[in-house]
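1. Pasting a predicted model and its sequence here:
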Amino acid sequence: MVRTPCCDENGRKKGTWTPEEDRKLAAYITKYGSWNWRQLPKYAGLERCGKSCRLRWLNYLRPNVKRGNYTEEEDEIILNLHAQLGNKWSAIAGHLPGRSDNEIKNHWHTALKKRANNSGESSKKCNSKNNIRRSTSVANKNASPSTSHENIVLESSQWSPKESSSEDFFSYSNTDYQEQHEVFQQEALDEITSGSFWTEPFLVESFHTTGTDFLAPPIDYCGLVCPPSPFIGHEFLSSFDFDHFNY
DNA sequence: AATACGATCAACCGCTTCAAG
DNA sequence: GCTTGAAGCGGTTGATCGTAT
């Protein structure tokens, strides 16, 4: 089976997302929905592949996404579910509203796996920082999906991940960058949560296209390229006020 | 103060699954 | 039932930050 490459080599951008890219992506999806991830970046004015856009949206930009600050209850849920399901991160994420599979996976590898392992070996040796070595690839190779169920013991905050407040919602090193991003994030969330978008009976996520050639889509008043979906009417589009996304 | 090393996490890559024609 | 394209998933990488020496 021949697959079309998900990312072409024609200057398709990689790496960390900029606030401007986030703004474009959030604005576009909020307005038009993720009707087609592969086509979406083209119409949103992004030089990214669809996969990258999807990941960015699901992990960081979608509404109600939670970052850091895992509670003991959440840790316990993850540990228990991982004991039952193994590395089925998306299934585990399904039990933790607001948490993405990627973040749960990272949290597992950075904090919970140690807890699980240490609880199993606590009778053999004391916890020592020198015993903790970062070797993700090696650890992953050695890690078994069927972590011992019996050995998982919840401990105190000793092994809790580092505190993460709303201030480091986006952990950029550049302060201006971060501040700009936080402002945007709050604006986007306000926009999304205050409007009718998420309560609309019409589910934009369910858009499907034929995957064939599109007519050149029109460009709307805020610079976004309207998707070629016959299901999106002008009354639908005009129900959103995106004036504060000032490009 | 400089350097080395470990921890964290955002993002990429490639494979699998799903769904439409 | 087969082919094909898109979405989803999990493993892995690499940049960055924090801490120890």
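-> Thanks, I have it. Because the structure is predicted, anything quoted here is derived from the model rather than measured.

2. Next, see if stretch A:78-97 gets close to DNA strand B.
-> No - judged by Cβ under 7 Å from any atom of the strand, stretch A:78-97 makes no contact with DNA strand B; its nearest approach is 10.0 Å. All C-beta spots, glycine's among them, are computed from the backbone N, C-alpha and C.

3. Now that stretch: buried residues?
-> Residues A:78, A:79, A:81, A:82, A:83, A:87, A:89, A:92, A:93, A:96 are the ones in stretch A:78-97 that count as buried (16 or more other Cβ atoms under 10 Å).

4. Among those residues, which ones lie close to DNA strand C?
-> Filtered for proximity to DNA strand C (Cβ under 7 Å from any atom of the strand), the buried residues of stretch A:78-97 shrink to A:87, A:89.

5. of the buried residues of stretch A:78-97, closest to DNA strand B?
-> For the buried residues of stretch A:78-97, the residue nearest DNA strand B by Cβ to the nearest atom of the strand is residue A:89; the value is 10.0 Å.

6. number of nearby residues for the closest residue to that closest one other than its chain neighbours?
-> Take residue A:89 and drop its neighbours on the chain: the residue closest to it by Cβ to Cβ, 6 or more residues apart in numbering is residue A:101, 3.9 Å away. By the criterion of other Cβ atoms under 10 Å, residue A:101 has 18 neighbours.

7. Residue A:101: what's it in contact with?
-> A:89, A:90, A:92, A:93 (Cβ atoms under 8 Å, 6 or more residues apart in numbering).

8. Just send the buried residues of stretch A:78-97 back as JSON lines, with secondary structure and pLDDT too.
-> Shown next, in JSON lines, are the buried residues of stretch A:78-97 (DSSP: H, G, I helix; E, B strand; the rest coil; pLDDT from 0 to 100):
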{"residue": "A:78", "secondary structure": "helix", "pLDDT": "89"}
{"residue": "A:79", "secondary structure": "helix", "pLDDT": "87"}
{"residue": "A:81", "secondary structure": "helix", "pLDDT": "88"}
{"residue": "A:82", "secondary structure": "helix", "pLDDT": "88"}
{"residue": "A:83", "secondary structure": "helix", "pLDDT": "86"}
{"residue": "A:87", "secondary structure": "coil", "pLDDT": "86"}
{"residue": "A:89", "secondary structure": "helix", "pLDDT": "90"}
{"residue": "A:92", "secondary structure": "helix", "pLDDT": "89"}
{"residue": "A:93", "secondary structure": "helix", "pLDDT": "87"}
{"residue": "A:96", "secondary structure": "coil", "pLDDT": "86"}
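
9. which one of the buried residues of stretch A:78-97 sits closest to residue A:110?
-> Proximity of the buried residues of stretch A:78-97 to residue A:110 was ranked by Cβ to Cβ; the top entry is residue A:78 with 12.0 Å.
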